[in-house]
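[1] Provided below are the primary sequence and the corresponding predicted coordinates.
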Amino acid sequence: MEDSFSIDSPSLSRRQLLNFLTGAVVVSTVAPALYPAAKYFVPPRKVEEDGSLLAKDINGNLIPVSQLLAEEPGTRALVAGLAGEPTYVTIKEDDALHPWGIVDNCTHLGCTFPWNENDAQFQCPCHGSRYDSEGRVVRGPAPLPLRLIHVQIDGKYIRLVPWTELDPRTGEKPWWM
């Protein structure tokens, strides 16, 4: 009897085979459907080692420097900046860009706000905070000045670089560091 074969079959039972096929069909159907949804929540980023990136418009298109410099001096253009945060870039009188941009996030509760040309201020409509043209607090409840970023011309485009030096408005280490 020791030389005889086992009666138990090592192959899959019909139920195990059907369970395996059902699982394979479900996974092969659900995975491709979930991939675009998951990819939607991960923003595309082309960030350099120094944390900089090229400025884009609301649709994610690169903004040529010539497009901004075609505007009148003193114009504040709103671009998608670092981490997609809206950032104001200013055109100076000598057809150049101001060396820093101002991030459009109120330091009170993070609201975005417009530049008010009539009052020459950034005005947060949510709680009334006001900032001057360089992002210093004029009226609270905002406790801190607006964040700055470096604005550089990189070929035909605008490069935005994180601000790591002393804040030129206060002469102190930036609060966002």
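    Arrived safely, thanks for sending. Numbers count the residues shown, from 1 in each chain.
[2] wait, what's in contact with residue 141?
    108, 127-129 (CB atoms under 8 Å, 6 or more residues apart in numbering). In short, each C-beta sits where N, CA and C put it, glycine included.
[3] list phi and psi for residue 101.
    Dihedral pair for residue 101: phi -110, psi 160, per degrees, to the nearest 10.
[4] what do you get for residue 37?
    Here residue 37 shows phi and psi, under degrees, to the nearest 10, equal to phi -70, psi -40.
[5] look at it and say how many residues are nearby.
    The number of residues packed near residue 37 is 8, by other CB atoms under 10 Å.
[6] and it, how close does it get to residue 141?
    38 Å (CB to CB, to the nearest Å).
[7] can you check residue 172 too?
    Taken as CB to CB, the span from residue 172 to residue 141 is 21 Å.
[8] residue 114 reaches residue 124, doesn't it?
    No. Look at residue 114 against residue 124 with CB atoms under 8 Å: they stay out of range, at 9.2 Å.
[9] please enumerate the strands of the chain.
    Assigned by DSSP state E, the strands in the chain fall at 53-54, 76-80, 86-90, 100-103, 115-116, 121-123, 130-131, 137-139, 148-154, 157-162.
[10] report the mean per-residue pLDDT for stretch 161-170.
    Summarised as a single mean, pLDDT over stretch 161-170 is 86.
[11] quick one: low-confidence parts of this structure?
    1-10, 43-49 (pLDDT under 70).
[12] and the strands of the chain, which is most packed in?
    The highest mean neighbour count among these, using mean count of other CB atoms under 10 Å, belongs to strand 100-103: a mean of 24.
[13] stretch 103-114: how far from the chain's middle?
    Its chain's C-alpha centre and that of stretch 103-114 lie 14 Å apart, by CA atoms, centre = their mean, to the nearest Å.
[14] likewise for stretch 152-161?
    Distance of stretch 152-161 from the chain centroid (CA atoms, centre = their mean) equals 16 Å.
[15] and for stretch 133-147?
    The chain centre lies 22 Å from the centre of stretch 133-147; the measure is CA atoms, centre = their mean.
[16] who wins for neighbours among the contacts of residue 141?
    Within these, most neighbours by other CB under 10 Å means residue 129, with 24 neighbours.
[17] next, the contact list for the closest residue to that residue other than its chain neighbours, please.
    Take residue 129 and drop its neighbours on the chain: the residue closest to it by CB to CB, 6 or more residues apart in numbering is residue 142, 3.7 Å away. Counting by CB under 8 Å, 6+ apart, residue 142 touches 106-108, 124, 127, 129, 131.
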